[in-house]
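> coords please:
(2 chains)
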2 protein chains.
Amino acid sequence: MRLTISAFVFVSVLTSTSIAVAEETPPTLDLMPVPAQIELGTGFYTIDEDFSVNLEGDGATPRLRRGAQRMLRRLSDRSALFFEPSTFLELVDRDDAAMTVTADRAGGLALGGDESYRLAVTQEGIRLQAATDIGALRGLETFLQLLTLDENGVTVSEVVIFDEPRFPWRGLMIDSSRHFMPVEVIKRNLDGMAAVKLNVLHWHLVDDQGFRVECLALPKLHELGSDGLYYTRVQIREVIDYAADRGIRVVPEFDLPGHGTAWLTAYPELGSAPGPYEIERSWGIFDPTINPTIEETYVFLDTFFAEMAALFDDDFIHIGGDENNGKHWLANPEIVAFMEKNGYDEPLMLQRYFNERVLEILTSYGKRMIGWDEIFQEGLPKNIVIQSWRGRESLFEAARLGYPGILSNGYYIDLIHPTDHHYLNDPLPDDSDLSAEEAARILGGEATMWAEYVSSETVDSRIWPRTAAIAERFWSPGTVRDVADMYRRLDHISLQLEELGLQHERNRPMMLRQLCRCRDIAPLEVLLGTIEPVKVYRRGQQRKHTQFSPLTRMVDAAWPDAAPARQFQWAVASFLGGDLADEFDIASIRGALESWQKNDAALEETLGTSPALAEIQPMSATLTEVSAIGLDALDLLTKSDAAPGAEWLQPRIERLEAARKPHGQTELMVVDPVLELVCAAALPASLKEPGCQPKQEAMAVGEH
Amino acid sequence: MRLTISAFVFVSVLTSTSIAVAEETPPTLDLMPVPAQIELGTGFYTIDEDFSVNLEGDGATPRLRRGAQRMLRRLSDRSALFFEPSTFLELVDRDDAAMTVTADRAGGLALGGDESYRLAVTQEGIRLQAATDIGALRGLETFLQLLTLDENGVTVSEVVIFDEPRFPWRGLMIDSSRHFMPVEVIKRNLDGMAAVKLNVLHWHLVDDQGFRVECLALPKLHELGSDGLYYTRVQIREVIDYAADRGIRVVPEFDLPGHGTAWLTAYPELGSAPGPYEIERSWGIFDPTINPTIEETYVFLDTFFAEMAALFDDDFIHIGGDENNGKHWLANPEIVAFMEKNGYDEPLMLQRYFNERVLEILTSYGKRMIGWDEIFQEGLPKNIVIQSWRGRESLFEAARLGYPGILSNGYYIDLIHPTDHHYLNDPLPDDSDLSAEEAARILGGEATMWAEYVSSETVDSRIWPRTAAIAERFWSPGTVRDVADMYRRLDHISLQLEELGLQHERNRPMMLRQLCRCRDIAPLEVLLGTIEPVKVYRRGQQRKHTQFSPLTRMVDAAWPDAAPARQFQWAVASFLGGDLADEFDIASIRGALESWQKNDAALEETLGTSPALAEIQPMSATLTEVSAIGLDALDLLTKSDAAPGAEWLQPRIERLEAARKPHGQTELMVVDPVLELVCAAALPASLKEPGCQPKQEAMAVGEH
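Here you go, the predicted model:
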């Protein structure tokens, strides 16, 4: 017991000083999200094969027990330490335990539950204290991120951490409709979410392209609306239990009244147009819409939500509500007559009527309603929650009127923006003009993984590691926003996320092997380090995709945030921003350009003999050309005093502009930094020339 | 219709000639397993985005439809061809289809069902014909292996294949007891099995370390015997249906009366010793054994098998029967009295009594019994099947007495033997002295994936790709046994298996990243290319493992059959077997030795700073030393006429002997070929010296 008491005293002493420190930017170590307060000591605790855990308090629930067992498994797997079976099996009444975890009570899985914890490491042991078992789970994740593995073995630095989330709603939306995601995909992503302290899985289960949940009372929904790809009720419960075990709520979304094709494929009689309907196979905004003017709709929805309210135990049900274009309503004389009779001038007013009716149903089953911006209307009770895809202003407007909301605009991870784009997007910036009361209505945010262009093989690489940075935005103090430090930590965290079975890292080389049907993928990896998928909605604009299109191409293997391109960009910025003499920058820039310049030759055979890679061949040639231009410019900047002027510059700007052309729905990410080199080489003042302005969004750091 | 008729004529013409050809060794292309008969044409068929499939005949079942859809998905994913949604959704009445698949009837999933097919490719189209939908599925897998992707696009060579299996029972046993394997692991391995035409999943569900199936009637079995890690009845059905969709039977094994700890943890009253019992956490042969002398045992088993016979719909149930050491029986006076009363001199006789009682129960539920060698006894009805872990002779003995059997001895893939070891092991060699009638009782064989040292992360790398070669042994003509050609094809097939979600290839670099917590794993991969896990049962002898030991170490990342070591060995054999002047061999040998020699320096920092890699550090140093010795010998052999003699040789032999010492339960696989180089350099006759004999099992090609 001495050990425990000693640790406790240490906590108390350090905490009082650490608060002051934490109001500055806390030290970030390799943690993500960064805790609210950290105080570092000087020694460390060594973990060996005698390590053990003792659980204490009324919060030592089966959930916490399983969480501690998972922590031990990961600790053993990462360190290769052999623990005795008893270490895993006996977690209470261990007076000798190296780590003591105290939780005062079982946490409820509801919005605003206590997730705080205090973690103290001394040379004598580790003490984790939390009000709830869920808080203790959060602390166990921090503990695993604190481990140091080096020549000293497995150690944890002396530290006292007090931590709690900035926002209570920290979500990830996964779209299982457009491409079905098997249960194991959801589970491994729940593990990833838990590792970075996200606490809401928003499960987009219904859209035009598929109805993904079994419904006993209305079985045609899953039978006709899903191609057989749906979650059984047992699987839904399995996911909910798995999430609950990790302190994560599951909020299901059943998109209504627009995005209605799958509903209406099963029950066309509820449609606003005569039908029949077929599952939609392509992407976009479609017309099929549920008819809000017939009572059959509400009888149907009452039956449906009765079953779903019992199946999903979270307080919230998400009803979508987005992107109803109103076309089928305005084309139906009976619906138009209903609108006229009720004085509804536009479809949105009819949708408000629909929302009120749905809200009534949800309320009768004890549920709160959440929906996208479009559900917002004054007069609705103030316990509904608005999820904003439109933007912060829309969210703030609702907050001013008394409605809570969460931000998703800026967190659309399907759009392939770089991590910093999302990271610097704050649901509640320092300079917001909201009152404290209004600000409290900003509950947090959600990253949204729309599934037009992801399969179970690629979805992890779109979610991770970027969502870890978004999770930090939702959890950590708003002052934590150093982009370079974020990327440094993200690199560690991305590897740690692999430990959980996430496939973002491992599937990239696999996809390259599959593309070339070969094992020497090094030149393909070099090319991949310089390209990214085209951003926002351009992929679909450049090539028509359907639910059946292959997602196994270079554009799918490519990552948002191509690391070598980003590092090159930074080196160029540092070089040009300095005195053009930094040897490290010069070597980095030259090394990158030289390896890219010769890569096309290395790839020749591979690209030429693979039909699946043929589309990327022009990109490889372009990379070589751009690199040669960059090397010339670098030589001028480092080996010559002459600036060759506008005549030299202009054709190079033109060639670089041409290099921006996408191939295979990917774009080359190194054009802008080479342009900067070329402009700097040509004219001292060239960065002010119009043709010298960077154009790629990846460069637009800090647009928020 | 013209196309179809033309293809059909082509089939008929070529088949008559191809039979003669096939009796020689057939051309193997990149196929595995090699078909029974192949006749190659000269042209090819080109697959483009208009490709489509038409299903015909009474065998165009939902199973075949789903199989064709999976084939289309893989074809599109591999080629990056964009097919229309209708290509996937409309598979009948397509007169324009490039590929016609005709199946005469739905195949039954029973031992000996028809799996033959005929596949004809002409320049005008593809025609697949089969008696059953299951045969057609086999043909679809062959079709996918026939695809050529090169500068001509996606093509299939003109060919006529007639194919059918050599053996009707071609199995893979997966042990889900010692380490639990989640459903998705089983499913992806079923996909792999289907790809190489295996047709039995033998599911080892019960052993000392865990009872892995839910039992409604006797719920303590899964509640107390599994740590909560068991398959629900719904999941079992999901796996059976998934397997059936791929033409694979599922034979469950419930090991009895030995390996009884999990049964008895739940129901100690059935034990031969008083108990209580606890789930076994380590590996070996343990004493807990069901008491065969009390009637309660049979009442219990009747209840149990009534439920399992209904849950599992295959004709067979496997009762284990192996490795009952009899200790608890002989220590129990009542059991000894029972034995005496019945004239049983030894435990095996009591086990025979038990088997008869169990057989009676299984028979009453319409099931046939299969078990390991120990269940064999004369007098049992001849519809039981013996699975031989003891060896071919044991199997042949049973066959002579009228009992059918399958071979597993020689296919223990957990023991880390190289692929050729298993590949050359034939259940029924040409020179067997069995009569035709007796030979027909040799039904096939099973690879066995015992799970002491595998997790869901590593199990694929133990099963694949080696099991593809075993599958060829069970399917292809016995004359197909060219080891070099097998390895060539295996390399292709291993990459194709990745397409199915198998993780054998992708998890190796992932494990290395996790071990070094770094991204530059090239030097670790070099080391890994020279080592293998220690073989047979030596891993456990060298370090005590339990169910909770980490399976994330170098020994787990290492593969059986390390390819660079094997290629080095071949180059040395070719070099020494030739005139010592082959430039290609010399360059290969020198290149390998030089890269290995300098690898320890490249690894220094990585190994030094990772506690999990520290154990492998001596191996890296040894590799450098062995490589230096090898380079010296190569110089002597290629640049000098002098043979330095025994005095030079002896210390080198000693150093190489020392280099055989395992580290971290891995062994260095390049010692023998370096020894050969050294001996050849020292003395022309040196290969006859005792110290010059190779010692590693990987070298013992063709021991069967």
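> residue boundaries of the strands in the stretch 401-550 of chain A?
All strands of the stretch 401-550 of chain A, identified by DSSP state E, counting those that start in this stretch, fall at A:405-407, A:442-449, A:531-533.
> Nearest to B:L264, out of these?
Evaluated with Cβ to Cβ, those place strand A:442-449 nearest to B:L264, the distance being 47.4 Å. (Glycine included, C-beta is placed from N, CA and C.)
> Which strands or helices does the closest one pack on?
Using 3 or more Cβ pairs under 8 Å, 6 or more residues apart in numbering or on different chains; DSSP states H and E as the contact test, the elements touching strand A:442-449 are strand A:169-175, strand A:200-207, helix A:392-400, strand A:405-407, helix A:459-463, helix A:466-475.
> Can you check which of these gets nearest to chain B?
Chain B lies closest to helix A:459-463 among those, at 12.2 Å (Cβ to the nearest Cβ).
> Deepest-packed of the strands of the stretch 401-550 of chain A, please.
Greatest average neighbour count among those goes to strand A:405-407 (a mean of 27), per mean count of other Cβ atoms under 10 Å in any protein chain shown.
> Pairing partners for the residue nearest to A:T448 when sequence neighbours are not counted in the sheet, please.
Closest residue to A:T448 apart from its sequence neighbours, by Cβ to Cβ, 6 or more residues apart in numbering or on different chains: A:M173 at 4.3 Å. Counting by DSSP bridges, A:M173 is bridged to A:H202, A:T448.
> so A:M173 touches A:I463, yeah?
No. Applying Cβ atoms under 8 Å, one finds A:M173 not in contact with A:I463, separated by 10.2 Å.
> burial measure for the residue of the stretch 51-200 of chain A found nearest chain B, as a count.
Nearest residue of the stretch 51-200 of chain A to chain B (Cβ to the nearest Cβ) works out as A:A80 at 3.6 Å. Close neighbours of A:A80, defined as other Cβ atoms under 10 Å in any protein chain shown, add up to 24.
> List the residues that contact it.
Residues in contact with A:A80 (Cβ atoms under 8 Å, 6 or more residues apart in numbering or on different chains) are B:L515, B:P550, B:T552, B:R553, B:P611, B:A612, B:E615.
> Now intersect the residues you listed with the helices, please.
If you go by DSSP state H, these have B:L515 in helices.
> Extract the residue ranges of chain A that are flagged as low pLDDT.
A:1-26, A:685-687, A:697-704 (pLDDT under 70).
> Go ahead and flag the most central residue of it.
Of all residues in chain A, the one closest to the mean position by Cα atoms, centre = their mean is A:T467, 2.9 Å from it.
> residues contacting it?
A:L172, A:G192, A:M193, A:V196, A:L198, A:I413, A:A447.
> Kindly confirm whether my reading is correct that A:P618 touches A:H663.
Yes. Between A:P618 and A:H663 there is a contact at 4.9 Å, judged by Cβ under 8 Å.
> Neighbour count: the two, which is higher?
Per other Cβ under 10 Å, whichever of A:P618 and A:H663 has more neighbours is A:H663, with 20 against 15.
> How about the more buried one, nearest residue that isn't a chain neighbour?
A:M619 (4.3 Å).
> Repeat that for A:D314.
Spatial nearest neighbour of A:D314, chain neighbours left out: A:R249 (4.9 Å); criterion: Cβ to Cβ, 6+ apart.
> bridging residues for that neighbour?
Here A:R249 sits in beta bridges with A:V200, going by DSSP bridges.
> tally of neighbours for it?
22.
> shared neighbours, A:M173 and A:I463?
What both A:M173 and A:I463 touch, as defined by Cβ under 8 Å, 6+ apart, is the set A:A447, A:M449.
> before we move on, the earlier item: make sure the residue nearest to A:D314 is actually in contact with A:V200.
Yes. Contact criterion Cβ under 8 Å: A:R249 and A:V200 qualify, at 5.0 Å.
> all helices of the stretch 151-300 of chain A, in order?
Secondary structure of the stretch 151-300 of chain A by DSSP state H, counting those that start in this stretch: the helices cover A:183-195, A:220-225, A:233-245, A:261-266, A:295-311.
> Quick check: which element contains A:T46?
Counting by DSSP states H and E, the element that carries A:T46 is strand A:37-47.
> coming back round to it: most neighbours, which of the contacts of A:A80?
B:L515 (25 neighbours).
> List the residues that contact that one.
A:A80, B:L524, B:T552, B:R553, B:M554, B:A557, B:S610, B:A612, B:L613.
> quick revisit: what strand or helix carries the residue nearest to A:H663?
When elements are assigned from DSSP H and E, A:M619 belongs to helix A:617-639.
> In a strand, A:A130, correct?
Yes. The assignment for A:A130 by DSSP: H, G, I helix; E, B strand; the rest coil puts it in a strand.
> That one against A:A136, yeah?
Yes. Applying Cβ under 8 Å, one finds A:A130 in contact with A:A136, separated by 4.1 Å.
> got any residues that touch both of those two?
Common neighbours of A:A130 and A:A136 (criterion: Cβ under 8 Å, 6+ apart): A:G59, A:V101, A:T102, A:A103, A:Y117.
> Right, I'll leave it there.
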